[in-house]
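Novice: This is the structure alone, sequence omitted:
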């Protein structure tokens with residue numbers, strides 16, 4: 001690290017995502033994807049382009065949250081597609097007729113953008129439908145026995161939390177995702193090692209915790225929690241109007257949640273520890289201990305995105 005850090009711990013803006021047999025790391029200047037294949041590590045490095053770099057207004061507080069959420073989903077989907085392409089052919093899924101048709105009509109580059117766009121839309125639609133609209137719909141079935149709007153919103157909130165926790169529990173039991181969760185743990189461990197100003201070695205990374213405050217699991221939990229508070233201000237009796245309001249208020253929920261997770265990731269005090277505690281608890285379902293080869297992938301991905309002037313990576 002630079003002399004300015006003088007061996008002290010710090011918080012970094014570098015973040016990552018677990019992939020299929022790999023990890024993506026996103027730094028202030030570079031974004032790297034490292035995938036382990038039968039022939040060794042495959043690396044892909046691109047310049048990091050933030051939405052605010054093109055349009056500064058998108059970096060304003062309470063605007064950047066929703067914008068960065070969509071941007072991160074697009075980047076993550078592109079990284080997952082790249083990692084899948086590195087797998088042995090017998091393990092790759094054959095492209096659908098729809099995918100083939102798009103490639104024939106538009107070419108590979110445009111087809112990739114369209115497929116990623118569709119995947120992002122479907123991902124957001126699943127999130128909204130499962131965690132936002134379904135609890136409202138289910139609460140509507142019991143509304144006939146509940147005249148109090150506050151109590152009805154409380155029931156909806158309990159349903160929302162229950163569905164979210166059930167989703168995490170079910171996905172954590174899927175064996176095929178087990179290695180992704182281990183890479184997820186490796187990603188967190190590598191970032192912790194870097195933030196503690198330790199040399200990036202397998203031994204040092206292995207000693208770190210797999211639970212990190214700035215994690216997608218924590219962010220989703222905060223979104224669900226904040227949605228309960230924000231939605232409590234809407235008291236329409238008609239279930240379909242309430243569902244429409246949920247969709248309309250979602251950007252507000254995401255914006256507030258982003259600022260909270262940003263705060264929790266940037267500072268270390270009693271308040272941020274309290275904020276981070278539930279999300280870290282849930283990460284026990286979405287992370288697991290990686291082996292040394294997974295740690296090597298995380299180490300390499302992180303090394304590729306650390307800027308020459310390391311102060312730029314300090315948050």
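Specialist: Yes, it's here. None of these values were measured; they are calculated from a predicted model.
Novice: and residue 56, how many neighbours does it have?
Specialist: Residue 56 has 9 neighbours, counted by other C-beta atoms under 10 Å. Just so you know, the C-beta spots here come from the backbone N, C-alpha and C atoms, and that holds for glycine as well.
Novice: ok, now how distant is it from residue 64?
Specialist: The gap separating residue 56 from residue 64 is 11 Å, by C-beta to C-beta, to the nearest Å.
Novice: Find residues that contact each of those two.
Specialist: Overlap between the neighbourhoods of residue 56 and residue 64 is empty, taking contacts as C-beta atoms under 8 Å, 6 or more residues apart in numbering.
Novice: Can you show me the strands along this structure?
Specialist: Shown for the chain, the strands assigned by DSSP state E span residues 15-19, 22-26, 30-37, 40-47.
Novice: So residue 146 versus residue 241, what's the distance?
Specialist: To residue 241, residue 146 is 17 Å away according to C-beta to C-beta.
Novice: ah, wrong one, I meant residue 42
Specialist: On the measure of C-beta to C-beta, residue 42 and residue 241 end up 50 Å apart.
Novice: of the two, who's got more company?
Specialist: Neighbours were tallied for residue 42 and for residue 241 using other C-beta under 10 Å; the higher tally belongs to residue 42 (16 against 11).
Novice: residues touching the residue lying closest to residue 294 once chain neighbours are set aside, list them.
Specialist: Closest residue to residue 294 apart from its sequence neighbours, by C-beta to C-beta, 6 or more residues apart in numbering: residue 186 at 4.4 Å. With contact set as C-beta under 8 Å, 6+ apart, residue 186 has these partners: 18, 23, 205, 210, 290, 294, 295, 297, 298.
Novice: give me that answer again for 10 Å
Specialist: 16, 18, 23, 202, 205-206, 208, 210, 287-299, 301-302 (C-beta atoms under 10 Å, 6 or more residues apart in numbering).
Novice: Are any of those residues buried, and if so which?
Specialist: A residue is treated as buried here by neighbour count (16 or more other C-beta atoms under 10 Å); on that basis the buried members of the contacts of residue 186 are 16, 18, 23, 202, 205, 208, 210, 287-288, 290, 294-299, 301-302.
Novice: Give me the number of neighbouring residues for the residue nearest to residue 228 when sequence neighbours are not counted.
Specialist: Among residues not flanking residue 228 along the chain, residue 157 sits closest, at 3.8 Å (C-beta to C-beta, 6+ apart). A total of 19 residues lie near residue 157 under the criterion other C-beta under 10 Å.
Novice: My read is that residue 157 contacts residue 225, right?
Specialist: Yes: taking contact to mean C-beta atoms under 10 Å, the distance of 8.7 Å between residue 157 and residue 225 places them in contact.
Novice: And the residue lying closest to residue 65 once chain neighbours are set aside, how far from residue 297?
Specialist: Distances taken as C-beta to C-beta, 6+ apart place residue 258 nearest to residue 65, at 3.0 Å, with adjacent residues excluded. Here the distance between residue 258 and residue 297 works out to 28 Å (C-beta to C-beta).
Novice: same question, residue 115
Specialist: In this view, residue 115 and residue 297 are 25 Å apart by C-beta to C-beta.
Novice: Next: residue 84.
Specialist: As defined by C-beta to C-beta, residue 84 lies at a distance of 15 Å from residue 297.
Novice: next one: residue 262
Specialist: Note on residue 262: its distance to residue 297, by C-beta to C-beta, is 26 Å.
Novice: Same question for residue 171.
Specialist: The spacing between residue 171 and residue 297, counted by C-beta to C-beta, is 22 Å.
Novice: And for residue 14?
Specialist: Residue 14 sits 15 Å away from residue 297, taking C-beta to C-beta as the criterion.
Novice: and what of residue 59?
Specialist: Distance check for residue 59 against residue 297: by C-beta to C-beta, it reads 31 Å.
Novice: Show me the helices in the stretch 151-300 of the chain, by range?
Specialist: Using DSSP state H, counting those that start in this stretch, the helices of the stretch 151-300 of the chain run over residues 178-195, 202-206, 216-231, 239-266, 270-286, 292-305.
Novice: Perfect, I'm done here.
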